[in-house]
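**Student:** okay, here's the prediction I keep looking at, along with the sequence it came from:
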Amino acid sequence: MKKPPVFPPLAVLVLAVCLASCAKTGRAAVIWTDRPEFAVYAGYFNAAQNQYKVEVRCFDDPAARLIRNRKQNGKDIPFLRAANESGPDIVAASWLKNTSSRVLFRPLESFLGGGRIPEEQFYPPLLSLGKIDGRQYFLPVSFNIPAVVFARENAGLPAGNFTTRLEELRTKGKAYNVSPANGASWSRVGFSPSWSNDFLFITATLFNTGFREADGLVWDREALENSIRYIRNWIEDANAGMALEDDFYFKYFFVPPIRLVQSGRILFTSIDSADLFVLGEELRGALDFRWLAGDADEIPVAENSTWYGICRDGRAYQAAAAFTRWFFRDDTQRFLLEETKRLRMGENTFGIAGGFSALRSVTEHIFPHFYPALLGHMPPAESLRAPDILPRRWMALKTRVILPWLREQIRAETPPSSRALEQRIANWIRLNPE
């Protein structure tokens, strides 16, 4: 693919005129995204051909913006004419697939198979999640998965395995604990679930709690309560209770957990793949990792994966289609990874749009050239477990209601009951209307 030229000032002016002309003729597509990398990707697409142009606008929550722009005086109207704002042709963001936003997008089957994007290139669990009533409305762009990181010399984990399970962490962590002679505190601790809100939630996920959108937010109450009991037992059995854990935390967690792993103060820490691969080379070289998996070796995919949709009411479909066919190609994504490395963007962002590429061939065959640590650690496609469909305001609910409730439950004197969580969620929704 043609590499982007360096534009002199006159060429920049010509390019601006071209963009304006394209906009008037419907050959300029607009992308709304919460991934700033797409601004770079759009620049390369524009430089690679001269028929179409794309421009990018970044928002914290593009899906929410679509919904707001579609409402006026209590009635649904085409979002392109709402709020005096030009709407998008493409949206590449999290939280697209839910009941309130999916009606804004058009099916994408024409791009698959004979449409030049081989369906088998995608990770099957992710591609399936983009279907609604048997039709493909969204394409997965990127995803992340949870990892457990340890110092190479301290792991004690079987060589060659690419996953680890909760019970293995609990056993190895307990064996690593050391206390002074008086036993009144810990001088080193293997691991505790209480150190990370994300780990508490991942544990609930591995117990098949299954938070999902279904006439509101629903889940498996028994599974959630069992996950809390498991964590509480872990804290009591392996680390002799919350009081000693708190004492250890206040003494040593004034530095990041990854540094405590490096120094040997703790054995493991949990980390998302997006954060793992932006660690400095020197630090990452001293560490090893395993993907965190359930009893059947399934690896949970993070809920905030990036999805791609073409808007039903977009004004520049041909340009949107051209960008779609260009972006979901192996050679395009290899080039984007090369440019990410050349521009040193990889110091702040991982992979494609902040994660593993949803194109299996890219992640399995191209990523290891840019991230050698993946050699011998590549998660197999059949191990990935896609999240359920979640409501659009999921992250706010999770951050402000669910995670605080989980933290309270691991310290509570009474047995866990998720019915109280239902009431908290209902109260939060009542106090925070859309």
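**Tutor:** Yep, that arrived. Remember, predicted model here, so these are calculated numbers, not experimental data.
**Student:** make it CA atoms for all contacts and neighbour counts henceforth
**Tutor:** OK.
**Student:** which residues of the stretch 251-400 of the chain fall in helices?
**Tutor:** Remark: helices assigned in the stretch 251-400 of the chain by DSSP state H, counting those that start in this stretch are 257-263, 273-276, 281-285, 317-327, 330-342, 360-361, 367-370, 394-397.
**Student:** for residue 147, find the nearest of the ones you listed.
**Tutor:** The minimum distance between residue 147 and those falls on helix 273-276, with 6.3 Å, by CA to CA.
**Student:** now for that closest one, which elements pack on it?
**Tutor:** Here helix 273-276 touches strand 146-151, going by 3 or more CA pairs under 8 Å, 6 or more residues apart in numbering; DSSP states H and E.
**Student:** picking that back up, mean pLDDT lowest where, among the helices of the stretch 251-400 of the chain?
**Tutor:** Mean pLDDT is lowest for helix 281-285 among the helices of the stretch 251-400 of the chain, at a mean of 84.
**Student:** buried stuff in it?
**Tutor:** Residues of helix 281-285 classed as buried: residue 284 (neighbour count, 16 or more other CA atoms under 10 Å).
**Student:** so which elements touch that helix?
**Tutor:** So helix 281-285, by 3+ CA pairs under 8 Å, 6+ apart, packs with no helix or strand.
**Student:** what's in contact with it?
**Tutor:** 276-277 (CA atoms under 8 Å, 6 or more residues apart in numbering).
**Student:** if we go to 10 Å?
**Tutor:** 149, 151-152, 258-259, 262, 276-279, 347, 373 (CA atoms under 10 Å, 6 or more residues apart in numbering).
**Student:** buried ones in stretch 326-346?
**Tutor:** So for stretch 326-346, counting by 16+ other CA under 10 Å, buried means 326-330, 332-334, 336-337, 339-340, 346.
**Student:** can you list the buried residues in stretch 42-56?
**Tutor:** By neighbour count on 16+ other CA under 10 Å, the buried set for stretch 42-56 is 42, 44-48, 52-56.
**Student:** residue 213 contacts residue 389, correct?
**Tutor:** Yes. Counting by CA atoms under 10 Å, residue 213 touches residue 389, with 5.7 Å between them.
**Student:** of those two, which one has the most company?
**Tutor:** residue 389 (21 against 17; other CA atoms under 10 Å).
**Student:** in contact with residue 410, which residues?
**Tutor:** For residue 410, the contacting residues are 193-194, 200, 227-233, 235, 242, 416, by CA under 10 Å, 6+ apart.
**Student:** cool, residue 60 as well?
**Tutor:** Listed by CA under 10 Å, 6+ apart, the contact set of residue 60 reads 32-35, 93-94.
**Student:** swap in residue 257?
**Tutor:** Applying CA under 10 Å, 6+ apart, the residues contacting residue 257 are 149, 195-196, 263, 265-271.
**Student:** and if we set it to 7 Å?
**Tutor:** residue 269 (CA atoms under 7 Å, 6 or more residues apart in numbering).
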